[in-house]
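Chemist: sequence and predicted structure are below.
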Amino acid sequence: MRMKVLLTLSVSAAMLTACAEMTPVPRLMQGDVPAAFEQPVAPGAPIWPEPDWWRNFSSAELDSLIAATQAGNFDLAAAEARVLQADARIRQTGSILLPTVELSGDANQSRNSGGFGVSLGANYELDLWGKNRSTVAAAVASGKATRADRETIALTATTATATTYFQLLSLRERLAIARLNLQTAQEVLMVTEARVRNGIATPLELAQQRAQIAGQQSVIPGLEQQELETRAALATLLGRPPEGFQVSAQDAEMIALPAVAPGLPSELLIRRPDIVAAEAGLQAANANLVAARAAMLPSISLTASGGLASAALGALIANQVTSYSIGASLFQTIFDAGRLQAQSEEVRAREQEVLANYRNVTVIAFAEVETTLGAIANLTEQQVYQLEQEAQSEQAFNIATARYREGVSEYLTVLDAQRTLYSARDQLGLVKLARLQAIVALYKALGGGWEDPTATNLARQ
């Protein structure tokens, strides 16, 4: 009879579970995902980055630095540890779907009697409304978010390594330019001193040129300090102390300028780990909401136990007293001053918060792609003009210096030409750096070649 009762309860539980209320996961609004990106892309550029996108810069030193970052970055190591924690939580939470089995033994002795016993008990909560399954689903979704967060940190670390490396090379180029500008100013000073000795130039011109030299000299220590700080920052990204850390390259002349293009904006949703993490967080919040609602409904637990008892330990098997029991219990909260309802409302509000965050992360991602595409196009055009400005400024300076040496041009013309040339040289270096950094930013905005391994073809549509 008891077995029939158990069978009936099990079948009823299965039917009730199938009918349990499921809350659909909120999705993006129709206007959140554009049909296409607006900014132009380089003709023939490959669609979406490759996982080892940094190799497209054709720098063996950069390749080795990023490999070192992937192996030694402490933020990435911490993210890996968080993934292990999430996996452990999933296993821990998943245990609620299975029965709990306990084995116990006891022994007692008094003046006139004694006894020994062993018992085995089991307890299982029927998941009528999907509370336990939703709790496990929330843990699994949170684990997915943690894995995606790790990929975001890995992408941030690799792109930061590339950006910092290029910044270091740019600073070294600017240092070389500053020293060249100083040399140029010293050459003009020699001309000015000769003109003063010959009574052609005034002491004012001499003082102005010496001030120009002092200004150029003051630039160098500042750039050297920036180079030191950038090199230390690069070492930190690799998980190394800055002492003894060296970078061989002195400029970015041999760095290639790769091109990459995005595909459909909708596909970005499964290629950006931060978007995937936000979506997984939304799935976890939704599952927690289902669990919170189910907690307000009745719960049924099945229990079973059996044991052996004997007056002597040696006779526990041969001359034992056998006992067993089996039963079911129903639990329903009647009054809790609105606690469960408030918990459900809190979880519902949390889901709305996570949904807003998901939409925000997605919109920011699309904006980053658009702005970096525009930056690359504009900086490419700007570099053309900057090269022309540098060439013309150098020509103007050479002409002004020659005319000044011959006494047919004023010193102010030379001074103005110097300042224009120095500024053009330095600005060109900054534009080159900005262009390299924009390319790295585009690789990052496009997800760095990563793709959600759990995504289906439906996610691409």
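Modeler: Thanks, I have it.
Chemist: every contact and neighbour count from this point should use C-alpha atoms.
Modeler: Noted.
Chemist: what residues of stretch 352-361 count as buried?
Modeler: Neighbour-count burial for stretch 352-361 flags 352, 354-355, 357-359, 361 (criterion: 16 or more other Cα atoms under 10 Å).
Chemist: ok, stretch 289-304 next?
Modeler: 289-296, 299-300, 302-303.
Chemist: with stretch 73-91 instead?
Modeler: Those would be 73-77, 79-80, 82-83, 86-87, 89-90, for stretch 73-91 by 16+ other Cα under 10 Å.
Chemist: need the max-distance pair from the residues you listed.
Modeler: Pairwise distances across the buried residues of stretch 73-91 (Cα to Cα) peak at 26.3 Å, for the pair 73 and 90.
Chemist: show me where the stretch 251-400 of the chain has its helices.
Modeler: For the stretch 251-400 of the chain, the helices defined by DSSP state H, counting those that start in this stretch cover 273-294, 339-405.
Chemist: quick one: closest of the ones you listed to residue 223.
Modeler: helix 339-405 (20.6 Å).
Chemist: one step back: residue 259 is nearest to which of the helices of the stretch 251-400 of the chain?
Modeler: Of the helices of the stretch 251-400 of the chain, nearest to residue 259 by Cα to Cα is helix 339-405, at 9.5 Å.
Chemist: and the closest one, how far from the chain's centre?
Modeler: Centroid separation for helix 339-405 versus its chain: 17 Å, with Cα atoms, centre = their mean, to the nearest Å.
Chemist: elements contacting that helix?
Modeler: Secondary-structure packing of helix 339-405 (3 or more Cα pairs under 8 Å, 6 or more residues apart in numbering; DSSP states H and E): helix 131-197, helix 273-294, helix 411-445.
Chemist: rank those helices by mean pLDDT and give me the bottom one.
Modeler: Here the lowest mean pLDDT among those goes to helix 273-294, at a mean of 86.
Chemist: the strands in the stretch 1-150 of the chain, which residues?
Modeler: Secondary structure of the stretch 1-150 of the chain by DSSP state E, counting those that start in this stretch: the strands cover 100-109, 114-126.
Chemist: quick check: mean pLDDT across the longest one?
Modeler: The reference is to strand 114-126. pLDDT averaged over strand 114-126 gives 72.
Chemist: residues contacting stretch 33-48, please?
Modeler: The contact list for stretch 33-48 (Cα atoms under 8 Å, 6 or more residues apart in numbering) reads 259-266, 363, 370, 373-374, 377, 446, 449.
Chemist: I'd like the distance from that stretch to the chain centre, please.
Modeler: Worked out by Cα atoms, centre = their mean, stretch 33-48 lies 23 Å from the chain centre.
Chemist: stretch 280-297 too?
Modeler: With Cα atoms, centre = their mean, you get 26 Å for stretch 280-297.
Chemist: keeping just the C-alphas, turn it into CSV.
Modeler: Coordinates of the C-alpha atoms in stretch 280-297 are reproduced here as CSV (Å, rounded to 0.1, in the frame of the first residue of the first chain):
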residue,chain,number,x,y,z
ALA,A,280,23.8,35.2,-18.7
GLY,A,281,23.3,37.4,-15.6
LEU,A,282,19.8,38.2,-16.9
GLN,A,283,19.1,34.5,-17.3
ALA,A,284,20.3,33.9,-13.7
ALA,A,285,18.1,36.7,-12.4
ASN,A,286,15.1,35.2,-14.3
ALA,A,287,15.7,31.8,-12.9
ASN,A,288,16.0,33.2,-9.4
LEU,A,289,12.6,34.9,-9.9
VAL,A,290,11.0,31.6,-10.8
ALA,A,291,12.6,30.0,-7.7
ALA,A,292,11.3,32.9,-5.5
ARG,A,293,7.8,32.5,-6.8
ALA,A,294,7.9,28.7,-6.4
ALA,A,295,9.0,29.2,-2.8
MET,A,296,5.5,30.5,-2.0
LEU,A,297,3.9,27.3,-3.1
